[in-house]
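Colleague: need a 3D model of the following:
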Amino acid sequence: MQTFRTHGLLPSEALKKTVVVLGLGSVGASFVADIPYEFGMLVLVDPGKLKVENVERHPLGKSHLGWNKADAAKDFLVKEKGVPAGRIKAFSQTDKEVLPLFTNADLVVCAIDDKPSCRRVNDWCFEHSTPKHNIPAIYGGVYPLGLGGEVIAIPTPREVCYRCAERQRATKVLPPAHAGNYGLNPELLGSADSPKAIPALKASITAIVSEMVPLAWRMLFPGDDPVTPQIRFRALEGWIEVARIPRGSTELEIEVREIGIHKKLLLAENNAKITPVDPEGYHGYLIRRQPWPKLVVQWSRCPSPHGGQNVQFSDL
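Modeller: Numbering: from 1, shown residues only. Okay, the predicted model is just below:
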């Protein structure tokens, strides 16, 4: 969608917003390609280059091979979407180098494919959010082999943060939401010059980005429908395990109760279930088909120094 087609239809306040997108791989680039509005400043950050194995699942084509991903995304948005070049800044540095330049950010979109980086971004948003200027963040990732993915929305990091969300996903999470080379199947690899991408991955990316875009809009413009801290799991291929929960834990009680509530509200076949305990003492948390939302609460032992009374699972 070209931005001139939405001129006058979307809030003029968007032209006052600064949005920082970290990671211009398949998820990050698809996100910026799908947003139907123009910001005051769109900041694109990625130190990597577009490689041949990226093209099948990436909105950019072969003409951008060898380009820095941030520069390539800017070129695409200017030429294909009609976004004024002056409203986009592209950086080939890391998030650690660029984020300090944008403490005025109104939203951070993190599509970096490793958890330590996500935690670092979370800590930066936490540190630089103030009562006068909150910096919400949204984290999007796909599971290996195109099985699905998840989106974590953190509208107020000083109250509930990404680290709280990690804890709420239970002790062990399988498969990881952020995994390098998640689009390559070793069994499908050809020669070193012709790696083969997972065919289903593009569908997973599209599904995850379709969750991210409206959440991002609502985080920028809360209105009467503000975003609550949440994880939105998405499964595309049958049942997938997104977490493992310790036997006899409070978390297990909460999940069983939550699944029961969803089943009643949906008035249809349940799309989440908990498996019997395994030899290691864990229950599997499985989902399928439609998005599965999960409320995130403040973790009582979160490393981030949240102010006020922290909420514990036993309080729910």
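Colleague: from here on, contacts and neighbour counts on C-alpha atoms
Modeller: Will do.
Colleague: in the stretch 201-316 of the chain, which segments are predicted with low confidence?
Modeller: Applying pLDDT under 70 to the stretch 201-316 of the chain picks out residues 265-269, 307-316.
Colleague: brain fart, the stretch 1-150 of the chain
Modeller: Across the stretch 1-150 of the chain (using pLDDT under 70), the flagged ranges come out as 1-11.
Colleague: show me where the stretch 1-150 of the chain has strands.
Modeller: Counting by DSSP state E, counting those that start in this stretch, residue ranges of the strands within the stretch 1-150 of the chain are 18-22, 41-45, 88-91, 107-110, 137-142, 148-154.
Colleague: ok, the most centrally placed residue in the chain - contacts?
Modeller: Most central in the chain under Cα atoms, centre = their mean is Gly140, positioned 1.4 Å from the mean C-alpha point. Gly140 makes contact with Val27, Val109, Cys110, Ala111, Gly149, Glu150, Val151, Ile152, Ile208, Val209, Met212, according to Cα atoms under 8 Å, 6 or more residues apart in numbering.
Colleague: make TSV out of the residues you listed and add distance to Tyr282 and neighbour count.
Modeller: What follows is these, written out as TSV (distance: Cα to Cα, whole Å; neighbours: other Cα atoms under 10 Å):
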residue	distance to Tyr282	neighbour count
Val27	31	27
Val109	33	23
Cys110	30	25
Ala111	29	26
Gly149	22	28
Glu150	21	28
Val151	24	24
Ile152	24	27
Ile208	27	26
Val209	31	28
Met212	30	23
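Colleague: turn the strands of the stretch 1-150 of the chain into a markdown table, including distance to Ser249.
Modeller: Shown next, in a markdown table, are these (distance: least, Cα to Cα, whole Å):
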| stretch | distance to Ser249 |
| --- | --- |
| strand 18-22 | 36 |
| strand 41-45 | 40 |
| strand 88-91 | 45 |
| strand 107-110 | 31 |
| strand 137-142 | 27 |
| strand 148-154 | 23 |
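Colleague: from Thr250, how far off is the residue nearest to the centre of the chain?
Modeller: In this view, Gly140 and Thr250 are 27 Å apart by Cα to Cα, to the nearest Å.
Colleague: look up how far Gly281 lies from Thr103.
Modeller: Counting by Cα to Cα - Thr103 and Gly281 are separated by 44 Å.
Colleague: looking at the two, which is more packed in?
Modeller: Set Thr103 next to Gly281 and count neighbours by other Cα atoms under 10 Å: Thr103 wins out with 17 against 12.
Colleague: please name the residues that touch the residue nearest to the more buried one when sequence neighbours are not counted.
Modeller: Spatial nearest neighbour of Thr103, chain neighbours left out: His128 (6.6 Å); criterion: Cα to Cα, 6 or more residues apart in numbering. His128 is in contact with Thr103, Asn134, Ile135, counting by Cα under 8 Å, 6+ apart.
Colleague: same question for Lys202.
Modeller: With Cα under 8 Å, 6+ apart, Lys202 has these contacts: Glu56, Arg57, Gly146.
Colleague: if we use 6 Å, what do you get?
Modeller: Lys202 is in contact with Arg57, counting by Cα atoms under 6 Å, 6 or more residues apart in numbering.
Colleague: domain ranges for the chain?
Modeller: Following automatic domain parsing, one finds the domains of the chain at 3-235+292-304, 239-288.
Colleague: what about the last one, how long is it end to end?
Modeller: In terms of Cα to Cα, the two terminal residues of domain 239-288 are separated by 5 Å.
Colleague: next one: it to chain centre, how far?
Modeller: 22 Å (Cα atoms, centre = their mean, to the nearest Å).
Colleague: cool, and stretch 203-220?
Modeller: 8 Å.
Colleague: ok, residues contacting that stretch?
Modeller: Val27, Phe31, Gly146, Gly148.
Colleague: who wins on neighbours among those?
Modeller: Neighbour counts for the contacts of stretch 203-220 peak at Gly148, which has 31 neighbours (criterion: other Cα under 10 Å).
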